[in-house]
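Novice: sequence and predicted model, in that order:
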Amino acid sequence: MMRPQSLEPEQCAESLKALGDPARLRIIELLRSGPLNVGDLATATDSTTVNVSHHLGILYHAGFVHRAKRGRFVQYRLNQTVFVRTPRGVEHIDLKCCRLELPSRS
């Protein structure tokens, strides 16, 4: 019989902390539509590029987003190993310790 994986409280708490800010959740929501750069995200969130860059850094180090240089810009996209879509089309964030189900996009 397989033993269930143990909860890793420190890792789980760090992941939840990274998601525990409304600005970061808004960024995640925007990235669900596809890759964006800092300027696009700053415009969409009515924020400064410095503030958005700060939040993207936290999301990047927590493993929620990937970044790639595209010309002069850095594009951010969701990490598809963390953001999962079930066969029924329900999207969620898999934190390994728990999952956060995302509302469907209208």
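Specialist: Received it, and whenever you're ready, just let me know what you need. Residues are numbered from 1 along each chain as shown.
Novice: drop to CA atoms for contacts and neighbour counts, all remaining ones
Specialist: OK.
Novice: how deep is residue 88 tucked in, by neighbour count?
Specialist: 6 (other C-alpha atoms under 10 Å).
Novice: also the one 10 residues further on?
Specialist: The local packing count at residue 98 equals 11, with neighbours defined by other C-alpha under 10 Å.
Novice: the closest residue to residue 65 other than its chain neighbours: what's it in contact with?
Specialist: On the basis of C-alpha to C-alpha, 6 or more residues apart in numbering, the spatially nearest residue to residue 65 that is not a chain neighbour turns out to be residue 78, at 4.4 Å. When the contact criterion is C-alpha atoms under 8 Å, 6 or more residues apart in numbering, the partners of residue 78 are 28, 31, 32, 34, 35, 64, 65, 66.
Novice: for the protein, just list every one of the strands.
Specialist: In order along the chain, the chain carries the following strands (DSSP state E): 36-37, 65-70, 73-78, 83-85, 91-94, 99-101.
Novice: let's have those in TSV, adding mean pLDDT and distance to residue 46.
Specialist: TSV is the format used below for the strands of the chain (pLDDT from 0 to 100; distance: least, C-alpha to C-alpha, whole Å):
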stretch	mean pLDDT	distance to residue 46
strand 36-37	98	14
strand 65-70	95	20
strand 73-78	96	18
strand 83-85	90	25
strand 91-94	91	25
strand 99-101	90	25
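Novice: dump those strands into a markdown table; add distance to residue 59 as well.
Specialist: Written out in a markdown table, the entries for the strands of the chain read as follows (distance: least, C-alpha to C-alpha, whole Å):
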| stretch | distance to residue 59 |
| --- | --- |
| strand 36-37 | 14 |
| strand 65-70 | 6 |
| strand 73-78 | 9 |
| strand 83-85 | 13 |
| strand 91-94 | 13 |
| strand 99-101 | 15 |
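Novice: tell me which of those sits nearest to residue 44.
Specialist: Checking those against residue 44 by C-alpha to C-alpha gives strand 36-37 as the closest, at 10.2 Å.
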